[in-house]
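K.L.:
based on what follows, work out the 3D shape:
(chains A and B)
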Amino acid sequence: MEVKTQVRQFVCQNFYVADPASFGDDTSFLDRGIVDSTAILEVVAFLEERFQIKVDDADFVPENLDSLDRIAAFVNRKREARGEEGGAVREAGGITRAG
Amino acid sequence: MCGIAGIVDLRGGEPPARAALERMLGALTHRGPDEFGLYRDRLAGLAHSRLSIIDLAGGQQPLCNEDGSLWIVFNGEVFNYLELRAELEGCGHAFRTRSDTEVIVHAWEEWGPGAFQRMNGQWAAALWDARRRALILSRDRLGVRPLYYSEAGGRVVFASEVKALFSGAPELARELDPVGLDQTFTLWSVIAPRTVFRGVAELEPGHLRVYDAAGGVDDRAYWTPAYPEDGEQGGFAGSVDEASQAVRSALEQATALRMLRSDVPVGSYLSGGLDSSLVAALALAAKGERFHTFSVRFEDAEYDETAFQRLMVERLGSEHHDLTVAADDIARVFPDVIHHTERPILRTAPAPLFLLSRLVRDIGIKVVLTGEGADEMFGGYDLFREGMVRRFWARQPDSQLRPRLLERLYPYLARSPVAQQALARQFFGRDLDAWREPGFAHRTRWSTTAALKRLFAPGMRDGAAGHDAVAELLASLPPAFSRWTFLAQDQYLELRTLLSGYLLSSQGDRMLMANSVEGRFPFLDQHVVELAASLPDRYKVRGLDEKHVLKRAAADLLPAAIARRPKQPYRAPDALAFVGARRPCWVADVLAADSIRRAGIFEPEAVDRLWQKCAARGTAGQFSNADNMALVGVLSAQLVHELFIARPPATSPPPVIGTVVEEPA
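P.N.:
This next block holds a predicted model:
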């Protein structure tokens, strides 16, 4: 399932939003009051667990977390970075990458 | 303190039924367990349940003027009644009792509406002018005492509590008002005259409502909060030391009046904070002898203030009583609490106070002094400083340093991951350019709360369609509002919303009266209120030091540890109270999908998600502010429906009615 869809499902479940149509992909969670600055920790915990990423202190900014679009972009960036890192490990292990 | 009720039909329809008045009294015995009285003539019925405090032998109600043409039922105290009485005797009025109640009757005869402007006290009063055929309802300036009314086809039914209205007027359809609920889940309270019940109104604080024989109704304010206009012209002109002395003196007088003018012993609440400690210290100075003090302690260290309470008890040498509240206790008494608040609430803080007043009653004390009002009058709340910081930041929105001041207010911001501050910055920095607009400081609270309305069922949301709670509140501001300082504006809004609608009501009068205890509030003394309002901003909030002049006035009376304490709002475990393994059955009952559907307030699926989340978190968890408010709000609203809508009103009469006045037709 797409990142955005999973996150939307989480937000609706965890923040008891009964009507999924009530916020758009680009709606600011903070502005809408669905998530406040402490409840954002719940979102981060979900992202780390579901998508196996690590959210650093420096990542805690609205640009990364304050809407579905932004979260999806953030998660994908993190996964790509992790993907590259995985490739480097294989390299170091002496296994050559396939041509 | 007491309960009042009445039925008046100025068209001359059916005379008020004795049985109806008795049912109303039966619903108010907690407010007045000592004596019961009623008056009836062809047009009006008045009923009174008495908690005897002044003139124990003689002050029965209803009571009247010299010739029986003017009758009163009164809930409250007029603390300057001795002075008013002397003045009225000087004008030729004759008194039969030693009560403060009788003073009001003669004051109305002498001064009419001006009578209430002369009264320094707390009250809900109903006067029946049998000769002129007029009903006069009045409430004190800040809404310490409650008064509800309902009008149908020319008949007025009024009572201290909604439960008595419903008992007295079974023809009144009991329904929730979506607009009242919308206000509650935005502003933290309904705003009088609106209530959460359709067809039931609440008399506004500081108002007089007169029904005349011709069928007219005149409702007007005899007092509104007023602050210096255009900056500091017309306000207090002295130095901060002079202000501090004036505050001290006004509080000494206010406390002395409330401590001494009673024919029964008066005790004092001690939270461990500055305000109640100061009141208790002044009470000791006025009384000159030991009295009882009362405190709530919490099992949960996060809420507990025992150490500070002990410090003050030592200083006072008082006869101290305390009770320790666990989260489970809150859940257990919560339905009783809502039975008394008669409205949904967003915090459980009233519940420990319900238990505390029970302790007071069990010890045999009928009156306690408390520190309510100090934060509103002297700028104690975090919200005021937050508003100041945000407006300061708004003048240079690109500043990186200015928003850092928020960390001084909210240490958790400084402790959190460095960049989490960016989120907080977005939250607090919303709409900064609106910093001059009314309500700017309150918007953060109002929008966070209003976001919870996503829990409402579509029918409930539709019912409030076309209403905007914030817009309506901001449209009802006094004409001078925009000429006040921003701090004064914020204080006014706090008075209108939180103080009368929540603190004095759900945390104050209702929790005290539930156990037949009268609260008295020196910080709400007329002279204290007006003096505080006249002070320059910087005497109230100096930099980020809140209640500055109050702390100066209190310095020599309090242990340093209390005087210097950072502001800690009184709080109790909220969602935490309801998620323990031993939670009572009622929690599951009111949250069950068919209960939710039947009440029609909330969306069952949304409530289920909220509950799953909270229950999963359990007692080990930290709940977000939103989840706390959501759970407490849902539970209390469901209880309001269960207790007042679903269940029929109580019908039992009181025990013996000692005073009965029946005027022939």
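
K.L.:
what sits closest to whichever residue of chain A sits closest to chain B if chain neighbours are left out?
P.N.:
Residue nearest to chain B within chain A: A:G33 (2.8 Å; Cβ to the nearest Cβ). Just so you know, the C-beta spots here come from the backbone N, C-alpha and C atoms, and that holds for glycine as well. Excluding the flanking residues, the one nearest A:G33 by Cβ to Cβ, 6 or more residues apart in numbering or on different chains is B:A451, at 2.8 Å.

K.L.:
what residues are up against that neighbour?
P.N.:
Taking Cβ atoms under 8 Å, 6 or more residues apart in numbering or on different chains, we find B:A451 in contact with A:32-34, B:626.

K.L.:
which stretches in chain A count as helices?
P.N.:
Assigned by DSSP state H, the helices in chain A fall at A:3-14, A:29-32, A:40-51, A:62-65, A:68-92.

K.L.:
how close does the closest residue to B:A480 other than its chain neighbours get to chain A?
P.N.:
Computed as Cβ to Cβ, 6+ apart, the closest residue to B:A480 that is not its neighbour in sequence is B:E229, at 5.6 Å. Going from B:E229 to chain A by Cβ to the nearest Cβ, to the nearest Å gives 34 Å.

K.L.:
list the contacts of the residue nearest to the spatial centre of chain A.
P.N.:
Nearest residue to the geometric centre of chain A (Cα atoms, centre = their mean): A:V75, 3.9 Å. Counting by Cβ under 8 Å, 6+ apart, A:V75 touches A:3, A:7, A:47, A:51, A:53.

K.L.:
among those, who's most crowded?
P.N.:
Neighbours here mean other Cβ atoms under 10 Å in any protein chain shown. Within the contacts of A:V75, the largest count is held by A:L47, at 24 neighbours.

K.L.:
was I right to think that residue contacts A:I53?
P.N.:
Yes - using Cβ atoms under 8 Å, A:L47 makes contact with A:I53 at a distance of 6.3 Å.

K.L.:
residue furthest from the geometric center of chain B?
P.N.:
In chain B, B:D398 marks the outermost C-alpha relative to the chain mean, sitting 40.2 Å out by Cα atoms, centre = their mean.

K.L.:
over to it: give its phi and psi.
P.N.:
For B:D398, the backbone dihedrals (degrees, to the nearest 10) come out as phi -90, psi 0.

K.L.:
confidence score at B:R404?
P.N.:
pLDDT for B:R404: 87.

K.L.:
in chain B, what residue is nearest chain A?
P.N.:
Nearest to chain A, among the residues of chain B, is B:A451, at 2.8 Å (Cβ to the nearest Cβ).

K.L.:
and that residue, how far from B:F427?
P.N.:
With distances taken as Cβ to Cβ, to the nearest Å, B:A451 is found 12 Å from B:F427.

K.L.:
hang on, the earlier thing: next, format the helices of chain A as JSON lines and append mean pLDDT.
P.N.:
Below are the helices of chain A laid out as JSON lines (pLDDT from 0 to 100):
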{"stretch": "helix A:3-14", "mean pLDDT": "95"}
{"stretch": "helix A:29-32", "mean pLDDT": "86"}
{"stretch": "helix A:40-51", "mean pLDDT": "93"}
{"stretch": "helix A:62-65", "mean pLDDT": "92"}
{"stretch": "helix A:68-92", "mean pLDDT": "76"}
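
K.L.:
hang on, B:S99 packs against B:G58?
P.N.:
Yes - counting by Cβ under 8 Å, B:S99 does reach B:G58; the two are 6.6 Å apart.

K.L.:
neighbour-wise, which of these two wins?
P.N.:
Set B:S99 next to B:G58 and count neighbours by other Cβ under 10 Å: B:S99 wins out with 25 against 13.

K.L.:
for the more buried one, helix, strand, or coil?
P.N.:
coil (DSSP: H, G, I helix; E, B strand; the rest coil).

K.L.:
now it. Nearest residue, chain neighbours left out?
P.N.:
B:G59 (3.3 Å).

K.L.:
and the pLDDT for the one you found?
P.N.:
88.

K.L.:
let me see the contact set for it.
P.N.:
By Cβ under 8 Å, 6+ apart, the contact set of B:G59 is B:50, B:52, B:97-102.

K.L.:
go with 10 Å
P.N.:
When contacts are counted by Cβ atoms under 10 Å, 6 or more residues apart in numbering or on different chains, B:G59 touches B:35, B:50, B:52-53, B:74, B:96-102, B:263.

K.L.:
do the same with B:D300
P.N.:
Shown in contact with B:D300 (Cβ under 10 Å, 6+ apart): B:325-327, B:572-573, B:576-577, B:619.

K.L.:
quick one: list the elements packing against whichever strand or helix holds B:D218.
P.N.:
Take DSSP states H and E as the rule and B:D218 turns out to sit in strand B:217-221. For strand B:217-221, the contact count by 3 or more Cβ pairs under 10 Å, 6 or more residues apart in numbering or on different chains; DSSP states H and E identifies strand B:134-139, strand B:207-211 as packing neighbours.

K.L.:
show me which residues of chain A sit near chain B.
P.N.:
Neighbours of chain B within chain A, by Cβ under 10 Å from any Cβ of the partner chain: A:12-19, A:22-23, A:28-42, A:44, A:55-66.

K.L.:
buried among the residues you listed? Make that a PyMOL selection.
P.N.:
In PyMOL syntax, the buried subset of the residues of chain A next to chain B is picked out as below (16 or more other Cβ atoms under 10 Å in any protein chain shown):
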select buried, chain A and resi 12+14+15+16+17+18+23+28+29+30+31+32+33+34+35+36+37+38+39+40+41+42+44+55+59+60+61+62+64+65+66
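
K.L.:
for the residue lying closest to B:Y502 once chain neighbours are set aside, give me the pLDDT.
P.N.:
Nearest in space to B:Y502, with sequence neighbours left out and distances taken as Cβ to Cβ, 6+ apart, is B:S189 at 4.6 Å. At B:S189, the predicted lDDT confidence score is 95.

K.L.:
residues in contact with B:S189?
P.N.:
So B:S189 contacts B:180, B:183, B:196, B:343-346, B:496-503, B:505-506 (Cβ under 10 Å, 6+ apart).

K.L.:
so the residue lying closest to B:H320 once chain neighbours are set aside: helix, strand or coil?
P.N.:
Nearest residue to B:H320 in three dimensions, chain neighbours excluded: B:V313, at 4.5 Å (Cβ to Cβ, 6+ apart). Taking three-state DSSP as the rule, one finds B:V313 in the helix state.

K.L.:
residue contacts, B:V313?
P.N.:
B:270, B:272, B:277, B:280, B:293, B:295, B:319-322.

K.L.:
B:G272 versus that one, what's the distance?
P.N.:
10 Å.

K.L.:
residues shared between the contacts of the two?
P.N.:
B:S295.

K.L.:
ok so, going back, now the buried members of the contacts of B:D300.
P.N.:
For the contacts of B:D300, buried by 16+ other Cβ under 10 Å: B:325-327, B:572-573, B:576-577.

K.L.:
restricted to helices, list the residues you listed.
P.N.:
Among the buried ones among the contacts of B:D300, DSSP H puts B:A327 in helices.
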